[in-house]
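Asker: what shape does this take:
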Amino acid sequence: QVQLVESGGGLVQAGGSLRLSCAASGRTFSNYAMGWFRQAPGKEREFVSFINWGGASTYYADSVKGRFTISRDNAKNTLYLQMNGLKPEDTAVYYCARTHTPVVTTTPGQYDYWGQGTQVTVSS
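Answerer: Numbers count the residues shown, from 1 in each chain. Model (predicted):
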């Protein structure tokens, strides 16, 4: 059983930065691609970023490209999302998730394990 635990969310002013972490249990973290999603109140869960198993391949939603950076440390079983230049529209609960597909996928249904989420609130 895989467990994913996000941390690092909080309240920040527009233009500020936050770094989210996602700690994974188990010894298979490095075998799988990972992703970040977010969900704002009243909206559907949306894709934010993807990283392949080794970290060499990444992909971003247009809304965060150039501001967010996804990375991973397989030795520490941890996934990261560095968020800079935050905007009020980035306010959401952020989730990390594991996918069983090795290539870029933005579809939530392609991810089989999810964390509980961490709240990010950006004030204007």
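Asker: tell me the SS of residue 75?
Answerer: What DSSP: H, G, I helix; E, B strand; the rest coil gives for residue 75 is helix.
Asker: ok, the nearest residue to residue 68 once chain neighbours are set aside - contacts?
Answerer: Among residues not flanking residue 68 along the chain, residue 83 sits closest, at 5.1 Å (Cβ to Cβ, 6 or more residues apart in numbering). Any C-beta I mention is one placed from the backbone N, CA and C, and that applies to glycine too. Going by Cβ atoms under 8 Å, 6 or more residues apart in numbering, residue 83 touches 17-20, 64, 67-68, 90, 120.
Asker: what's stretch 54-72 in contact with?
Answerer: Taking Cβ under 8 Å, 6+ apart as the rule, stretch 54-72 contacts 30, 34, 36, 46-52, 74, 78-86, 89-90, 104, 106.
Asker: tell me how far the ends of that stretch are from each other?
Answerer: End-to-end distance for stretch 54-72: 8 Å, by Cα to Cα, to the nearest Å.
Asker: in which helix or strand does the most centrally placed residue in the chain reside?
Answerer: Residue closest to the average C-alpha location in the chain (Cα atoms, centre = their mean): residue 36, at 2.4 Å. Residue 36 belongs to strand 33-39 when assigned by DSSP states H and E.
Asker: for that strand, name the packing helices and strands.
Answerer: strand 18-24, strand 46-51, strand 78-83, strand 92-99 (3 or more Cβ pairs under 8 Å, 6 or more residues apart in numbering; DSSP states H and E).
Asker: what pairs with that strand, and is each one parallel or antiparallel?
Answerer: According to DSSP bridges, strand 33-39 forms sheet pairs with strand 46-51 (antiparallel), strand 92-99 (antiparallel).
Asker: wait, doesn't residue 8 sit right on residue 118?
Answerer: Yes - Residue 8 is within contact range of residue 118, at 6.3 Å (criterion: Cβ atoms under 8 Å).
Asker: comparing these two, which residue is more hemmed in?
Answerer: residue 118 (22 against 16; other Cβ atoms under 10 Å).
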